[in-house]
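Peer 1: give me coordinates for this.
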Amino acid sequence: MTLSRAGGALVAAALVSACNTTVTSPDVVTNKNLQGKAALPAELAGTYGNFAQAYLGSGYFASFIDAQAQESQVLVSALFTDEMHENDFFTNHLQIDLRAQTRDNTTLDDLWYLLHRARVSGDQTAANYAQFDSTNPGRLTVLNFAGFSNELLAESFCGNIPLGSFNAATGALVYGAPVGTDSIIRAAKGHFLAVLAIAAQDTQSANAPAVQYEAMRATIGLARALAFEGNLDSAALVASGVPDTYVDSVERSLNSPAEQNGVYYYTNIEVRYGITSGEGGNGLNFAIDGANGDPRINVGAPHITTIIGYDGFTLDTIQQKYPQYGSSGVLASAAEARLIQAEDFLKNGNSGQALAALNQARQDVAPGMASLSWPAGITSSAMIDTLFAERAYDLWLTGHRVGDLRRLVRPTSGPLPGYGRDQATEWPTGTYFKNGTYGSQVALLVPRNEDNNPSYNDAGCNGGLTP
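Peer 2: Below is the predicted model:
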């Protein structure tokens, strides 16, 4: 893991703070405030910012040298699947959209770095909270962010991920050897279980409301991880404890480019990503259904806005889920909990309860939306189609789709059992709309920069072909 890049942000911040030499009390954090308990609020803010940037990206740093906008998990996973296509002419985007990445892809490198930075930041800050202020709910916040960082790595990247870190005493890199997807998702579960164990001990203090909020965030993270590894019965049991009123969002703001929503920047300002319909023959009709009024696919009033993309010729439908730089993004929600329960109901042959859970998820996302019903004679396979389509729409542009498509094409047995479907029937395939042919990758590649890690070996990645 190329953790050494993390120092760049700290250097930039120090340079900015040092620019004004006329003030008597410069706006900097002194060394005495970077130690022990006093440092924890700054570490918490940094971890939150790191995860938010990995999840939703950032805006454009026009006043800084080599400080560009950052893409994110939401954008890259949307481009790799059928949620979005590229509207520009950059090879790194085309490779991802075509499912034909190389390890030199700079977009992959950026996302890889951002997710690992969020993961390590969360783990380090959690350790400091445990040492200096163990009952502070901020400890649970950063544990959750580390857990979700692991979860997103497991869902998106090929199963060959090293979990490196820093030496807390010396600051030296500690390289990790690559481990499989099952190990990464277990690491995510470990974080969420730790949050729940700590939260169970605090039900009476003044911190209890914040603690219970983090416990609910961890509950959905744990249910998501259990579902991803194929343990649906346990996932549904965990999800059943989430009330229908729960929604947890990652905030973005207008305060600085680093805090801005990068999804908005890349889709609405630069118009590099566009909403798709029927991508590669198998893709869902996101743009068309949004234009026809599906409230979950927000393309703006009166339901559609079309402009020419960054490349100068691709007609694009503009997303309005994130309509401004300050738009937040849902990380965990009751809707996801109901969808997990619906999947387990189908697994156990209870189509009636599955339908009720699907309809409740619709109401959680879009109150007043029309209900589903099962057509007469519908097959179990068609019910699974409906389930994953509902997941795609209810959870649109929240980074879930890549994990769902991988689950659909995994073998039905093994350490991470799936549905055993042919990838050519689930992923975009065939002729690409800008010419060329889709590849057959079903996972993001570990970027070449990881070769700087002496413990890393790329053999386990299988070219991104293993779900």
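Peer 1: and the longest helix for the protein?
Peer 2: Counting residues, the longest helix found in the chain (DSSP state H) is helix 106-132.
Peer 1: can you name the element that comes right after that helix?
Peer 2: helix 138-156 (DSSP states H and E).
Peer 1: sheet partners, orientation included, of whatever helix or strand comes next after that following helix?
Peer 2: Next along the chain after helix 138-156, taking DSSP H and E as the criterion, comes strand 161-162. Sheet partners assigned to strand 161-162 using DSSP bridges are listed as strand 178-179 (antiparallel).
Peer 1: which intervals of the stretch 1-150 of the chain have sub-threshold pLDDT?
Peer 2: 1-34, 61-68 (pLDDT under 70).
Peer 1: swap in 80 and give it another go.
Peer 2: Applying pLDDT under 80 to the stretch 1-150 of the chain picks out residues 1-35, 60-68.
Peer 1: and the longest helix of the chain with helix 138-156, angle?
Peer 2: Following axes from the mean of the first three to the mean of the last three Cα atoms, to 10 degrees, one obtains 150 degrees for the angle between helix 106-132 and helix 138-156.
Peer 1: show me which residues of helix 106-132 are buried.
Peer 2: Using 16 or more other Cβ atoms under 10 Å as the burial criterion, the residues of helix 106-132 that qualify are 107-126, 128-129. Quick note: C-beta positions are derived from backbone N, CA and C, even for glycine.
Peer 1: N359 against L372, yeah?
Peer 2: Yes - counting by Cβ atoms under 8 Å, N359 sits close enough to L372 to count as a contact (5.7 Å).
Peer 1: between these two, which one's more packed in?
Peer 2: Set N359 next to L372 and count neighbours by other Cβ atoms under 10 Å: N359 wins out with 18 against 14.
Peer 1: what ranges do the helices span in the stretch 201-350 of the chain?
Peer 2: 208-228, 232-239, 262-264, 286-291, 334-347 (DSSP state H, counting those that start in this stretch).
Peer 1: need the contact partners of the fourth one.
Peer 2: The one in question is helix 286-291. Helix 286-291 is contacted from outside by 82-83, 274-278, 297-299, 303-304, 317, 392-393, 396, using Cβ atoms under 8 Å, 6 or more residues apart in numbering.
Peer 1: quick one, which of these are buried?
Peer 2: Using 16+ other Cβ under 10 Å as the threshold, 82-83, 274-277, 297-299, 303-304, 317, 392-393, 396 are the buried ones among the contacts of helix 286-291.
Peer 1: pull the most distant pair out of the residues you listed.
Peer 2: Spatially, the most separated pair among the buried ones among the contacts of helix 286-291 is D82 and H303, at 20.0 Å (Cβ to Cβ).
Peer 1: where does the stretch 151-300 of the chain dip in pLDDT?
Peer 2: Residue ranges of the stretch 151-300 of the chain with pLDDT under 80: 168-169, 171, 300.
Peer 1: now do 90
Peer 2: Applying pLDDT under 90 to the stretch 151-300 of the chain flags residues 159, 166-173, 202-207, 255-257, 291, 299-300.
Peer 1: and H85, what element?
Peer 2: Using DSSP H and E, the element containing H85 is strand 84-86.
Peer 1: after that strand, next one along is what?
Peer 2: With elements assigned by DSSP H and E, the helix or strand that comes after strand 84-86 is helix 91-97.
Peer 1: all strands for this protein, in order.
Peer 2: 84-86, 161-162, 165-166, 173-174, 178-179, 247-250, 273-275, 306-308, 315-317, 329-333 (DSSP state E).
Peer 1: re the thing from before, elements contacting the strand holding H85?
Peer 2: helix 73-80, helix 91-97, strand 273-275 (3 or more Cβ pairs under 8 Å, 6 or more residues apart in numbering; DSSP states H and E).
Peer 1: and those: which comes nearest L196?
Peer 2: Of the helices and strands packed on strand 84-86, nearest to L196 by Cβ to Cβ is helix 73-80, at 23.7 Å.
Peer 1: fine, thanks again, bye for now.
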